[in-house]
Structures are given as structure tokens and as C-alpha cells.
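Q: Below are the sequence and a predicted model; questions follow.
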Amino acid sequence: MDIFLQQIINGLVQGSIYALVALGYTMVYGIMGLINFAHGEVVMIGTLVTISVAGFLIKAGMPVIFAGLAGLTVSVLVCMALGWGLERVAYRPLRNAPRLTPLITAIGMSIVLQNVAMIIWGRNYLTFPPLLPSVAFEFGGAHFTAVQVIIVLVSALTMGGLLFLVYRTKLGMAMRATSQNPAVASLMGVNINRVIAAAFIIGSALGALAGIMVGTYYEIAHYQMGFMLGLKAFTAAVLGGIGNLAGAMLGGILLGLIEALGAGYIGDLTGGFLGSHYQDIFAFLVLIVVLMFKPSGLFGEKTGDRA
Amino acid sequence: MRGRAMAELLLQANNVAKHFGGVQALRDVSLSIRSGEIYGLIGPNGAGKTTFFNCLTGLYIPDGGGFVFDGQPLLADAPHQAAERGIARTFQNIRLFGNMTALENVMVGRHVRTGAGVLGAILQNAATRAEEAAIKQRAIDLLHYVRIEDRADDLARNLSYGDQRRLEIARALATEPKLLCLDEPAAGMNHTETDELRELIDGIRRDGTTVLLIEHDVKLVMGLCDRVAVLDYGALVIEDVPAVVQKDQRVIEAYLGA
């Protein structure tokens, strides 16, 4: 039982991170029908920028908490600028191109960003500075840390904020109108370019937050870390129904739970033949099953709704 | 003197041309709409009426010619600019935001007249909140105006056909247009609904908005419009008061195909 509870906790933490990243995929897809495969790299850059900024400030003698906040701020701003730049440079010129073209561009941008990161930060694993005190709690035989609690809380607050933005503000209304019919939205005075830019900027800010969470949680980072994380978050978005915000959130949490429980029990189930390091297969099993049996995802609408 | 003459002309179309492949949808169409009138645009199916609307509102870029709107040329290559200048439209096949409420549909229409951007939305400062409250109030007023205020919180796609048409008009009015373009607003409406629509359009004009009306219902057009233009095969046949247009031999031929 305590393994079960432990894996639920681990799954919730991992799932909160997937959910934040998945929102970046789903927002962009919902508004312009593009799968931004470079989003995982935005998350990676978010982690690495935090390492550089916070690490430098800590070395310079600044208190850890302020160094962490400065790292967070710089990293979120850098990623917002990066998301905006990606859209402006790589995707906007292809707005009216066949669907495959921007998709391939996205993969290309992902490779470019990985290589830029490799040039700046090198090929080696980097250590993420410990920004939060390592306090541990115990509950019902399961252990969890302050870092885990904070990840889940911050993620929940951020998602609440995003829902408020999309469903209660003028910008959110413009985003929803654009996703339903861009031509008519622009006739109503909605500036489509700005709405699309906003989707990229907001998605990238969420990605930066997720990147910092990954760094704080695993305490390690690498220029290729965005690839697998991005792929799994994309899976989460598909699981929830890509283009649907609540779907991305639920899909992320579910995927985290499936992975954690799978990793926790796979050893017992296969008599020790497969170990917990096989946890990655669960995400892709989920992806295959969803694509086979419910390609529109849990909350997905029929694609005919898009004009 | 010149200023007065300019003020009277709201829209001038000068030799507007548009073709799709080998089909000449509009052949050098020139017409002029005066401030405060209801102007009808009629013609057989495929005559180019909707193409004219699309060119005017920036959905299509004309191949030749252009528009002068409110004394200034219209650079109609981006629809939100046409909206800014004061041109709003409805669609022949209703195009509401189906998954948003009636109220939200109208609120989207307020975008063109309000400022606060991304930063305001995130910071939620007092100015943004006040603006959003004003947008909501104005949208409620407009739903009252077209008499569907009791459907405000229903999703647009769940509204009846007639109410969807009214909602589209309210959404267009939310942009505070000088020129409201209605593309076959009476299509699919019964007698009562058409009569109510006539009252609504007449009221909109009385409240100071010029109306450009594409309509198949010739009776509605002749009864409501101050002046009427007839298009046939993409070319302007005649532009005059209804009494003259009705008797014109070319119009009768165009409609009867004689």
C-alpha cells in the first residue's frame, strides 16, 4: 500500500510538470493547428538559463532565495522572448503554407535550439543549484519533500491563472474566438497576429516554469533533456484532447500517474525481468492506445469544428 | 462646400474587379453609398454580391480598383483594419463562435474599439477591469437591442436560426460600424421573422448607421432600401431608387434570364 501511495505522490509531481508543458503544445495547436515540436527545447532553455543565472548569483554571494527568484524571472522572460521569436521567425512566414511545412520547421527549430544550447552550455550534465530547502515529510508510510509540494502547488496555481486568463479576460476571449474562426475574429477587430504571439509567449512562460521545476526536482540538466520531456508532454496533450486546456491538464496528471504506477509495479509484474527504468515505455504505450482507439483524446472535439 | 459633399458619400467603390481563375466575379464595379441610407445590392445567384462584400471587408484583395471609405482610401488587405475604419458585416452562412455564449460573441466584437492588451490581461489592473466591465455592459445592451437578451448565457450554436441571425447583427454592431453590411439576413426566415428583421434594420438606420444589404427577397429590398444596385455576371446593371430599378428592362431580363 505504501508503494501505491508513494507512486501516486511521485506521479502527481511528475504529472504537474507534464501538464504545464502540455499546455504550451495545446494552446498553440488550439489557435493555429500547429504542433510546435520545439516547445520541449524552450523548456530546456528555461532550465539552463536558471542554472546560469541562479548559479552565478549564488556564487556572487546572494542569498539562495533571491538568486532563485532572479533565476526564475530571467528564465521566464528569456523563454517568453524565445517563444515570441520562434513564432515570428519560423512560423509566421509559413502561416498559409501546407500543414506539413511548419511541422517540419518545428522539428528543425528543435534541432537548432538543442545545438545552440550545446554550444552555450556544453555537452555535459549540469547540476541544478538547490534553490529550495530539502525538507522531507512522511504521510501514511509515503515520503515526500517540500520541493514536491511546491511543484504541485505552483503548477495548480499557474493552471488556475491560465483558466482565468482564457475564460474571464478579453485576451482569452480573443484567443477562443480565433481558435474557432480566425477570419471572422479578425473581422471583429481581433488582431490575429497578436493573439498567436500571445499563445506562444504564455505557453513559453509555462514551459520555463516547468523547466525550473524539472531542474529543482531532478537537480540535473542537459541540452537534450527537452526532447523526451517534450514528447511526453505532447503525449499528455494528445491524451487529453489536443487543443483543449482542461484536457492538457488532466492528460498531464494522468500520464504522470500512469508512468509512476507503471514504474512502481513493472518489476513485480514481470518477475523482475523489466525494471523501473522501463518507465518511459508507458507514455508511448498510452500514446499508441489513444491514437488507435480515441484519437481525439479524452476531451477532444471532432476536428470538424475548426473552420 | 467640398466637406459637405464628402460627408454625404460614405463609401465609393471605384472599378472594383476580382477574378477567380477564368471566372470574372466582379467586372469594374463602381457604386456609391451615402451616409444614412439603406442601400440594397441585389442580383441573381453568382452575380458577385458576396464577392463584393468580401473585397470590401478585406477577406479578398481586389485585382483592380478600390474603395474610398469615409473620405479615405481603404487599404483592405487586413480585415481588422476594415473593422477599425468602421465596416462590419454578417454572413450569408452564419459564422458565429459556436462554442462561446451569445454574450461573449458580442463582447468579441468590442475588440476593435478597446485597447488593453496582453500585459493588462495578465496584470488585471484597474483600467483593464473597468474596460472589461464596460465591454460586458455594452454587449448586454446590444443583446437587448436585437431582443435576445434572455439568451445571453446560451452557447451561440444552441440558439434558434432567427436568433443566430440577430446575434450576428448584434456582434457586428458591437464594432460601432459606420457601415453595416448584411449578407442575406432574411435567408431562411419566415414572414413574421422577416417583418421583425425589417423593423430592426430600419431602427439601425434611424440610430445613425448606414446599411448595405444583400438580399434575395426582392420585396424586402424594394420596401426597405433608399437606393438599389443590381449586379449581373459581376457587372453593375443599374444603381437607382427602387421605383426606377423595378421597371428597368435590363433588371427584369437579368432576373428572368430572358
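A: Looks like it arrived, so ask away. Numbering: from 1, shown residues only, chains lettered A, B, ... in the order given.
Q: Just the CA trace of the host helix or strand of B:Leu103, in CSV.
A: B:Leu103 is part of helix B:102-109 when elements are defined by DSSP states H and E. Only the C-alpha atoms of helix B:102-109 are listed here, as CSV (Å, rounded to 0.1, in the frame of the first residue of the first chain):
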residue,chain,number,x,y,z
ALA,B,102,-24.2,34.8,-27.1
LEU,B,103,-22.8,37.5,-24.7
GLU,B,104,-19.2,36.5,-25.4
ASN,B,105,-19.8,36.6,-29.2
VAL,B,106,-20.9,40.2,-28.9
MET,B,107,-18.1,41.0,-26.5
VAL,B,108,-15.5,39.9,-29.0
GLY,B,109,-17.0,42.5,-31.4
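Q: Now A:Met225. Nearest residue, chain neighbours left out?
A: Of all residues not flanking A:Met225 in the chain, A:Met44 sits nearest, at 5.2 Å (C-beta to C-beta, 6 or more residues apart in numbering or on different chains). The C-beta positions use only the backbone N, C-alpha and C, and glycine is treated the same way.
Q: did I read that right, B:Ala17 in a strand?
A: Yes - secondary structure of B:Ala17 (DSSP: H, G, I helix; E, B strand; the rest coil): part of a strand.
Q: residue nearest the centroid of chain B?
A: B:Cys181 (1.3 Å; C-alpha atoms, centre = their mean).
Q: Please identify which helix or strand holds it.
A: Secondary structure (DSSP H and E) places B:Cys181 in strand B:179-183.
Q: Identify all contacting residues around that strand.
A: Strand B:179-183 has contacts (C-beta atoms under 8 Å, 6 or more residues apart in numbering or on different chains) with B:10-11, B:33, B:49-50, B:53, B:56-57, B:69, B:86-92, B:169, B:172-173, B:201, B:204, B:209-215.
Q: any idea which residue of the chain is furthest from its center?
A: You didn't say which chain, so I picked chain A. Distance from the C-alpha centroid of chain A peaks at A:Gly271, with 33.9 Å (C-alpha atoms, centre = their mean).
Q: before we move on, what SS does it have?
A: Using three-state DSSP, the structure places A:Gly271 in coil.
Q: how far away is it from A:Tyr265?
A: 12 Å (C-beta to C-beta, to the nearest Å).
Q: what do you get for B:Asp207?
A: B:Asp207 sits 69 Å away from A:Tyr265, going by C-beta to C-beta.
Q: the more surrounded of those two?
A: Taking neighbours as other C-beta atoms under 10 Å in any protein chain shown, B:Asp207 and A:Tyr265 compare with A:Tyr265 leading, 14 against 9.
Q: Enumerate the residues of the stretch 1-150 of chain B near chain A.
A: Within the stretch 1-150 of chain B, the positions lying close to chain A (C-beta under 8 Å from any C-beta of the partner chain) are B:57-59, B:78-80, B:82-84, B:88-89, B:91, B:95, B:97-100, B:104, B:107-114, B:116-118, B:121-122, B:124, B:128, B:131-132, B:135.
Q: and the nearest residue to A:Ile220 once chain neighbours are set aside, what does it touch?
A: By the measure of C-beta to C-beta, 6+ apart, the closest residue to A:Ile220 outside its immediate chain neighbours is A:Tyr125, 5.5 Å from it. With contacts defined as C-beta under 8 Å, 6+ apart, A:Tyr125 is in contact with A:220-222.
Q: Compare the residues you listed and tell me which has the most neighbours.
A: Most neighbours among the contacts of A:Tyr125, by other C-beta under 10 Å: A:Ala221, with 23 neighbours.
Q: Contacts only, for that one.
A: By C-beta under 8 Å, 6+ apart, the neighbours of A:Ala221 are A:44, A:47-48, A:51, A:125-128, A:214-215.
Q: Strands - which of the residues you listed land there?
A: Judged by DSSP state E, the subset of those located in strands is A:126-127.
Q: Would you check which pair of the contacts of A:Ala221 lies furthest apart?
A: Greatest spacing in those, by C-beta to C-beta: A:Met44 and A:Thr127 (15.4 Å).
Q: When these two are compared, which one has more neighbours?
A: A direct count of neighbours by other C-beta under 10 Å for A:Met44 and A:Thr127 places A:Met44 higher, at 29 against 12.
Q: Identify the residues contacting the closest residue to B:Arg171 other than its chain neighbours.
A: Leaving aside its sequence neighbours, B:Arg171 sits nearest to B:Gly109 (C-beta to C-beta, 6+ apart; 4.3 Å). Shown in contact with B:Gly109 (C-beta under 8 Å, 6+ apart): A:188-189, B:88, B:139, B:170-175.
Q: ok, B:His19 to chain A distance?
A: Separation of B:His19 from chain A (C-beta to the nearest C-beta, to the nearest Å): 20 Å.
Q: so what pLDDT did that residue get?
A: For B:His19, the pLDDT comes out at 91.
Q: Same question for B:Ala76.
A: pLDDT for B:Ala76: 55.
Q: B:Gly65 too?
A: Reading off the confidence values, B:Gly65 has pLDDT 90.
Q: helix or strand for it, which one?
A: Using DSSP H and E, B:Gly65 maps to strand B:64-69.
Q: for A:Glu138, same thing?
A: Per DSSP H and E: strand A:136-139 holds A:Glu138.
Q: re earlier: just the contacts of B:Gly109 now: which is nearest B:Ala235?
A: Ranked by distance to B:Ala235 (C-beta to C-beta), the contacts of B:Gly109 are led by B:Ala88 at 26.6 Å.
Q: hang on, the closest one in a strand?
A: Yes - counting by three-state DSSP, B:Ala88 is part of a strand.
Q: which residues does it form a beta bridge with?
A: Assessed by DSSP bridges, B:Ala88 has beta-bridge partners B:Leu180.
Q: Can you give the contact residues for stretch B:248-258?
A: Contacts of stretch B:248-258 (C-beta under 8 Å, 6+ apart): B:43-44, B:47, B:218, B:230, B:232, B:237-238, B:240, B:245.
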